[in-house]
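> what's the 3D shape of this:
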Amino acid sequence: MNDHLQEILQTLRKNKLRTALTGLSVSWGIFILIVLLGAGNGLKNGVMENFSDRAVNRITLWSGTTSMAHNGLKSGRNLQFANKEVDLIRTDVNESRLIVARVDRTQTISFGPEYGSYNVSG
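Residues are numbered from 1 along each chain as shown. Got it, this is the predicted structure:
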């Protein structure tokens with residue numbers, strides 16, 4: 001056993017450049033492995049956080065803008081759902097257990113002399 005260690009140490013002393021480059025390569029490989037594992041875990045955590053509030057049995061509908069003019073109205077108009085559309089979906093879609101209307105918009109809100117533009121959800 002002692003002879004083997006002596007031979008290894010002698011070879012390492014003889015080939016200093018090769019020993020240093022091998023050590024550097026192994027260190028660089030371990031560093032890159034740690035960086036890639038960290039990036040992979042960060043990506044996984046980001047995706048899980050992004051989808052954590054979404055249920056697999058949920059459908060979300062958004063109103064959009066018109067792409068064509070119709071009956072004298074211009075294209076590019078913003079559409080909004082009314083409560084009658086929510087009631088229509090509630091009565092026509094028998095498989096649904098819960099239908100909720102939600103509003104997301106940016107509004108100017110004032111309180112006394114102060115005012116500001118805020119995102120309102122509810």
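> switch to C-alpha atoms for all contacts and neighbour counts from now on
Will do.
> quick one: buried residues of the host helix or strand of Asn45?
According to DSSP states H and E, Asn45 maps onto helix 16-51. The neighbour-count check on helix 16-51 (16 or more other Cα atoms under 10 Å) flags nothing as buried.
> give me the contact list for the lowest-mean-pLDDT helix or strand in the chain.
When the helices and strands of the chain are compared on mean pLDDT, DSSP states H and E, helix 83-92 comes out lowest with a mean of 85. Around helix 83-92, the neighbours that count as contacts under Cα atoms under 8 Å, 6 or more residues apart in numbering are 96, 99-101.
> could you point out the helix or strand that follows that helix?
strand 104-111.
> sheet-wise, list the partners of the next helix or strand after that following strand with their directions.
Counting by DSSP H and E, the next helix or strand C-terminal to strand 104-111 is strand 114-121. Applying DSSP bridges, strand 114-121 is found paired with strand 104-111 (antiparallel).
> who's in contact with the partner strand?
Counting by Cα under 8 Å, 6+ apart, 115-122 sit against strand 104-111.
> what residues sit buried inside it?
Buried residues in strand 104-111 (16+ other Cα under 10 Å): none.
> what's the average pLDDT for that strand?
Mean pLDDT, strand 104-111: 87.
> find me the pLDDT at the residue nearest to Thr19 when sequence neighbours are not counted, would you?
Spatial nearest neighbour of Thr19, chain neighbours left out: Leu12 (6.2 Å); criterion: Cα to Cα, 6 or more residues apart in numbering. pLDDT recorded at Leu12 is 88.
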